[in-house]
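K.L.:
give me a model of this one.
(chains A, B, C and D)
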There are 2 protein chains.
Amino acid sequence: MNTRDLEYFISLTEIKIFSKVAEEFNVSQPTITFALKRLEKEMDSKLIIRHRTHGELIVTDSGKQLLKHARAIIRHFEVAKQNIENLKSNKISIGLPPIIETKYFPKIAQHLKEENLLNNITTFEYGSETTLDALKSGELDLALLGSINPMEDARIETEEIDQIPFYVYVSKENHLAKQDSIKFSDLKNEDFILFKQGFVQNESFRQLTKKNGMHPNIILRSNETNNIMNLISNNVGVGFFNSFVSYPENVVRLKLEDDNMPKFVTNLVYLKSHYFNELQQKVLDNIRKSIK
Amino acid sequence: MNTRDLEYFISLTEIKIFSKVAEEFNVSQPTITFALKRLEKEMDSKLIIRHRTHGELIVTDSGKQLLKHARAIIRHFEVAKQNIENLKSNKISIGLPPIIETKYFPKIAQHLKEENLLNNITTFEYGSETTLDALKSGELDLALLGSINPMEDARIETEEIDQIPFYVYVSKENHLAKQDSIKFSDLKNEDFILFKQGFVQNESFRQLTKKNGMHPNIILRSNETNNIMNLISNNVGVGFFNSFVSYPENVVRLKLEDDNMPKFVTNLVYLKSHYFNELQQKVLDNIRKSIK
DNA sequence: TTTTACATATAAATTATTTTTATTATAACA
DNA sequence: TGTTATAATAAAAATAATTTATATGTAAAA
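P.N.:
Numbering: from 1, shown residues only, chains lettered A, B, ... in the order given. Sure thing, here's the model as predicted:
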């Protein structure tokens, strides 16, 4: 069986028009007809019910069943290619979201340098959610990433590093700064400066505002911790981060008193199906050593 | 890319001789050479280092990486076929290990009969371990099965039904019968009558004997609960089962006092990648309703 | 009801891919 | 040095996939 036929099939269930699928793949329309016939013969089952008219095309139960597996097959194939590409360039690509990088990378870099491995790594610095996607797609061999509460994903191996709470960061001039700790709901009239999309703190923040029935005023989003801290220290708004971020002297960190607060969990993760070669294994071991 | 090439490749990494692989698949030797070349071109990487001499054949790191994905791809393909086969026969095949069947099937059957679905199911009555393998291979759509401690498998969706302890069953004439509860180590001189291979109680039993440094004398294994209980009641030996089994009047059930005793967990399980059609969904819902 | 437009199927020819047959190359070993 | 076991290569054959051209089916428009 050919993966090309599966690709035609997947596309057909999405686009639902034979001739458009053919266009998509730069082949002629009968090619799609024949590909589907091959699959139906192989599976000994009708996969798609077609009416020769506008947009009506029904995926049978068998078709739906195949579709699930077809997607998995194509994904496996693409990830295999990507992994091999990384292997060839003798680099291990590591996802390191900035906040986690700040906390852990100095030690990791030190260890790797001692072992002469520092030039064999490429780091990838995006938010934890984006990083997770990249890991799944096979772009990354390994990642250190944050999650709210322990991670659970069927395809991923997770080693939990630690769990830390979230804090609110405000300027000393802010009215909240006199207190040591607050309730999340005390923030309902504040302006917020947060990270851009793809950071777990956002998900945690979203959960808390929902729980407290708040409609927060987010005045700015940035990817740069320094930039955000600068604005906070000028009392432009308040921030919501874990304790990994460093903060200037005129910023105060406030504890949150609420029960059942989400935690920021740091995880060392990789695909269960990933094969680590000797070099990659060495790097992995060094990272493990560095963060524990 | 062709799955046939992957099959040749997988076999080659196992058999390690091109000509033998060719024989295995009833093709000529150059076919294997060309298949490997195609894969190496597609992956743009050497997969296998070959010396034209006895048994020396090294799978490269890239090859190992591909191998992992190749196995997954082939499995997906086979499972898809099997699932579709079940779908066509409009039957839902359900794994029901005997002990669990005894406890849950009467209620399930009653519900299914009311809905006129009883003739759309096929049950598969083996031990939980065997049942799990069948589920993974796509032979089964669904299973109720036992595990020691909660199950964790990447490819499987699990709904935990309940957790119950294991007990020791002895004849009233047995010297232990006077007690209400015992320690597992009190059994060190007993003769045991257990289930045959593929039942979770065996795994639990094995763990406990190991922990207690025991070398148990297992005098008989059977698949028939009635048969085993008969022997126990005649004081031929003692049994180790969960509380689902029914037992005659002259058999006594003893609690186990040990700490951290393994539990018998009943789970409703199915493949994450399994697509349930309307009929199958109905059956699934009825089973859920029956066991909760 | 006929026509038109859109969409898929089919037949035959073409092209591409895979496999085979026959042969050569290479290393190990007697 | 010749023999044996194994893999690679070249050319031909077989098989499979795709295209071109055309037929067929269906819904909507005229």
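K.L.:
tell me the SS of A:K68?
P.N.:
Under the three-state scheme (DSSP: H, G, I helix; E, B strand; the rest coil), A:K68 adopts helix.
K.L.:
could you count how many residues lie near it?
P.N.:
18 (other C-beta atoms under 10 Å in any protein chain shown). Backbone N, C-alpha and C define where each C-beta goes, glycine included.
K.L.:
what of A:F124?
P.N.:
17.
K.L.:
pull the contacting residues for it.
P.N.:
A:S93, A:I94, A:G95, A:L96, A:T131, A:A134, A:E139, A:L140, A:A143 (C-beta atoms under 8 Å, 6 or more residues apart in numbering or on different chains).
K.L.:
quick one: which of these sit in helices?
P.N.:
A:T131, A:A134 (DSSP state H).
K.L.:
just send the contacts of A:F124 back as a markdown table, with distance to A:Y275, pLDDT and neighbour count too.
P.N.:
Shown next, in a markdown table, are the contacts of A:F124 (distance: C-beta to C-beta, whole Å; pLDDT from 0 to 100; neighbours: other C-beta atoms under 10 Å in any protein chain shown):
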| residue | distance to A:Y275 | pLDDT | neighbour count |
| --- | --- | --- | --- |
| A:S93 | 14 | 89 | 21 |
| A:I94 | 16 | 91 | 25 |
| A:G95 | 18 | 91 | 27 |
| A:L96 | 22 | 87 | 23 |
| A:T131 | 20 | 84 | 26 |
| A:A134 | 18 | 82 | 16 |
| A:E139 | 16 | 80 | 17 |
| A:L140 | 14 | 89 | 28 |
| A:A143 | 16 | 94 | 25 |
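K.L.:
of the contacts of A:F124, which belong to strands?
P.N.:
Among the contacts of A:F124, the members found in strands (DSSP state E) are A:S93, A:I94, A:G95, A:A143.
K.L.:
hang on, isn't the first one packed against A:E125?
P.N.:
This means A:S93. No: the pair A:S93 / A:E125 is not scored as a contact, 11.4 Å apart, by C-beta atoms under 8 Å.
K.L.:
sorry, back to before: from the ones in strands among the contacts of A:F124, which is closest to DNA strand C?
P.N.:
A:S93 (30.9 Å; C-beta to the nearest atom of the strand).
K.L.:
just grab the bridge partners of the nearest residue to A:E159 once chain neighbours are set aside for me.
P.N.:
For A:E159, ignoring the flanking residues on the chain, the nearest one in space by C-beta to C-beta, 6 or more residues apart in numbering or on different chains is A:L268 at 4.3 Å. Taking DSSP bridges, one finds A:L144, A:E159 as the beta-bridge partners of A:L268.
K.L.:
so what's the closest residue to A:K292 other than its chain neighbours up against?
P.N.:
Nearest residue to A:K292, sequence neighbours excluded (C-beta to C-beta, 6+ apart): A:I161, at 7.4 Å. Contact analysis of A:I161 by C-beta under 8 Å, 6+ apart lists A:L144, A:V265, A:T266, A:N267, A:L268, A:I291, A:K292.
K.L.:
what's the distance between the fifth one and B:E157?
P.N.:
This points to A:L268. 26 Å (C-beta to C-beta, to the nearest Å).
K.L.:
so between the two, which is more surrounded?
P.N.:
Neighbour totals were compared for A:L268 and B:E157, and A:L268 leads with 19 against 14 (other C-beta under 10 Å).
K.L.:
that one contacts A:T158, doesn't it?
P.N.:
Yes: A:L268 lies in contact with A:T158 (C-beta under 8 Å); the separation is 7.4 Å.
K.L.:
would you map the helices across the stretch 151-292 of chain A?
P.N.:
Using DSSP state H, counting those that start in this stretch, the helices of the stretch 151-292 of chain A run over A:200-211, A:225-233, A:278-291.
K.L.:
and those: which comes nearest DNA strand D?
P.N.:
helix A:278-291 (24.3 Å).
K.L.:
which helices and strands does that closest one pack with?
P.N.:
strand A:92-95, helix A:98-114, strand A:142-148, strand A:263-271 (3 or more C-beta pairs under 8 Å, 6 or more residues apart in numbering or on different chains; DSSP states H and E).
K.L.:
how about the residues of chain A by DNA strand D?
P.N.:
Counting by C-beta under 7 Å from any atom of the strand, the residues of chain A close to DNA strand D are A:2, A:4-5, A:22, A:26-31, A:34-35, A:38, A:51-54.
K.L.:
among these, name the buried ones.
P.N.:
A:D5, A:A22, A:T31, A:A35 (16 or more other C-beta atoms under 10 Å in any protein chain shown).
K.L.:
counting contacts, what elements does the helix or strand containing the third one pack onto?
P.N.:
Here A:T31 is covered by helix A:29-43, with elements defined by DSSP states H and E. With contacts taken as 3+ C-beta pairs under 8 Å, 6+ apart, helix A:29-43 sits against helix A:3-15, helix A:18-24, helix A:61-88, helix B:61-88.
K.L.:
does that helix reach DNA strand C?
P.N.:
Yes: judged by C-beta under 7 Å from any atom of the strand, helix A:29-43 comes into contact with DNA strand C at A:Q29, A:P30, A:T33, A:F34, A:L36, A:K37.
K.L.:
quick check, nearest of those to chain B?
P.N.:
Chain B has its nearest neighbour among those in A:L36, at 14.6 Å by C-beta to the nearest C-beta.
K.L.:
once you drop chain neighbours, what's closest to A:S147?
P.N.:
In space, A:S147 is closest to A:V265, 5.0 Å off (C-beta to C-beta, 6+ apart).
K.L.:
what about the one you found, how many residues close to it?
P.N.:
With other C-beta under 10 Å as criterion, A:V265 counts 21.
K.L.:
check the gap between it and A:K107 for me.
P.N.:
19 Å.
K.L.:
same question for A:H274.
P.N.:
For A:H274, the distance to A:K107 - C-beta to C-beta - is 24 Å.
K.L.:
give me the more crowded residue out of these two.
P.N.:
When neighbours are counted by other C-beta under 10 Å, A:H274 and A:K107 differ, and A:H274 comes out ahead with 21 against 13.
K.L.:
so who does the more buried one touch?
P.N.:
A:H274 sits in contact with A:N83, A:D141, B:Q65, B:K68, where contact means C-beta under 8 Å, 6+ apart.
K.L.:
residue ranges with poor pLDDT in chain A?
P.N.:
A:52-55, A:149-154, A:197-198 (pLDDT under 70).
K.L.:
walk me through the domains of it.
P.N.:
Annotated domains of chain A cover A:3-78, A:87-161+A:265-291, A:163-262 [automatic domain parsing].
K.L.:
can you say which of these is nearest to B:N116?
P.N.:
domain A:3-78 (19.6 Å; C-beta to C-beta).
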